[in-house]
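Trainee: Got a predicted model here, sequence first, then my questions.
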Amino acid sequence: MGDRRAAGSGEGSSGGSGSVGEVLACVEEWLPPAIRSASSSDKAKLFQSIASLYQQQDQHRLHAHLRYRQLVQSQYKALHPELFVFRADRFFVPTFEQMLHDGSEVAVRRTMCAHGPLLYSFDMLRPQFCTLLLQEVQHFEKWLEQSNMQKSPPNSLSSAGVVLDDIGLNPILQMLMQQCVAPLVPVLFPQLGDAPLDSHHGYVVTHSANLDPSISCHIDNSEVTLNVSLCKAEEGGELYFKGVRCVQHLDDPERDLEMAEYKHVPGRALLHLGKHRHGARPVLKGKRANLVLWCRSSKFRANTPAIFVCPPWCNATNKQKVVVK
Ligand SMILES: O=C(O)CCC(=O)C(=O)O
Ligand SMILES: [Fe+2]
């Protein structure tokens, strides 16, 4: 699928391409002769046992990560305990707080700035909150180093940054998703229907000229992604967008109207669909850091067809060519 990938969180990621028919045809070719000539039901049993092995591996990774998180949270002493208590008046700029308080569609639309189809930005975090969060992240990184503990990367495409759920900010991020992102969804992204956002993955990701300068084009393992700049690079690091696509259509060409560029502004949030193809241009000078919150909905996922079927929200240009085998 070219350089377009599905970014996973290391705690169960989605992604992949090719229809079941295509995958089976490839696999058959490589089966040992004795198995290739076996009956379809024997082959089905074999594939089921392979699938269960994959599931066990996922479970194993998940449990190892939860053990790591428990260990960190039992030993790490926060630098700024005030970050761990949800306070809208301390976290948010007045315009965003007022919009939340008002809650109407008119208030939401008035606060949002559109940067192209399905791409919205708005002022969100106070400068003081951004500074404290950055200091907390640096403090945690130092603590990890001193404790000789490994850091879990923010996601499968970026290595620099910190998973905020690991350090005990899980409840705050869950509230951020439910109180700040969820009310915007019905107005801005009606294609998600009425499925509630019910889980998240949150991290601070950093990019600098010598460490993770860019991110290749990808989709997120989220329904909606909130990305707030905490500090900006001196040069480079802009985001680009290339239209909403399902995993079947990651390489589908973009229409002119779908292309968008976004330059981060500290404290300002960008909200986009997880399946909006995007990437980050290289940071050329300085360093930037962003708070990223992948918001997920188990109901939306349960209603989404299997990965080899193109869903209605995919804006692929060649939709009609996909044959479900
Ligand atoms: O660095 C950014 O601003 C975007 C990061 C991103 O796309 C991601 O973490 O999924
Ligand atoms: Fe992303």
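Mentor: Perfect, I can see it now. Residues are numbered from 1 along each chain as shown. Ligands and ions are numbered 1, 2, ... in the order given.
Trainee: Show me what the longest helix seen in the chain is packed against.
Mentor: Longest helix in the chain by number of residues (criterion: DSSP state H): helix 40-75. Under the contact criterion of 3 or more Cβ pairs under 8 Å, 6 or more residues apart in numbering; DSSP states H and E, helix 40-75 touches helix 33-36. Backbone N, C-alpha and C define where each C-beta goes, glycine included.
Trainee: For the helix or strand that comes right after the longest helix of the chain, buried residues please.
Mentor: Scanning forward in sequence from helix 40-75 by DSSP states H and E, the next helix or strand is helix 88-91. Using 16 or more other Cβ atoms under 10 Å as the test for burial, helix 88-91 gives Phe91.
Trainee: Determine the set of other helices and strands touching helix 88-91.
Mentor: Counting contacts by 3+ Cβ pairs under 8 Å, 6+ apart, helix 88-91 is packed against helix 94-102, helix 127-146.
Trainee: now do 7 Å
Mentor: helix 94-102 (3 or more Cβ pairs under 7 Å, 6 or more residues apart in numbering; DSSP states H and E).
Trainee: Which parts of the stretch 151-300 of the chain are strands?
Mentor: Ranges of strands in the stretch 151-300 of the chain, per DSSP state E, counting those that start in this stretch, are 161-163, 199-208, 215-220, 224-231, 235-236, 239-244, 259-262, 268-273, 276-280, 283-285, 287-296.
Trainee: Please name whichever of those is nearest to Pro190.
Mentor: In terms of Cβ to Cβ, the element of the strands of the stretch 151-300 of the chain nearest to Pro190 is strand 268-273, at 11.3 Å.
Trainee: hmm, the closest one touching ligand 1?
Mentor: No. Interface with ligand 1: strand 268-273 contributes nothing (Cβ under 6 Å from any ligand atom), its closest point being 7.8 Å away.
Trainee: Excluding chain neighbours, what is closest to Met259?
Mentor: Lys242 (6.2 Å; Cβ to Cβ, 6 or more residues apart in numbering).
Trainee: Please read the previous query as pertaining to Ile172.
Mentor: Going by Cβ to Cβ, 6+ apart, Ile172 has Phe86 as its nearest residue, at 5.5 Å.
Trainee: Surely that neighbour touches Gln174?
Mentor: No. Look at Phe86 against Gln174 with Cβ atoms under 7 Å: they stay out of range, at 9.5 Å.
Trainee: The two: who's more crowded?
Mentor: Between Phe86 and Gln174, counted using other Cβ atoms under 10 Å, Gln174 has the larger neighbour count: 19 against 14.
Trainee: The longest helix of the chain vs helix 127-146, what angle?
Mentor: Angle of helix 40-75 versus helix 127-146, following axes from the mean of the first three to the mean of the last three Cα atoms, to 10 degrees, is 100 degrees.
Trainee: roughly how far out does helix 40-75 sit from the chain middle?
Mentor: Counting by Cα atoms, centre = their mean, to the nearest Å, helix 40-75 is centred 21 Å from the centre of its parent chain.
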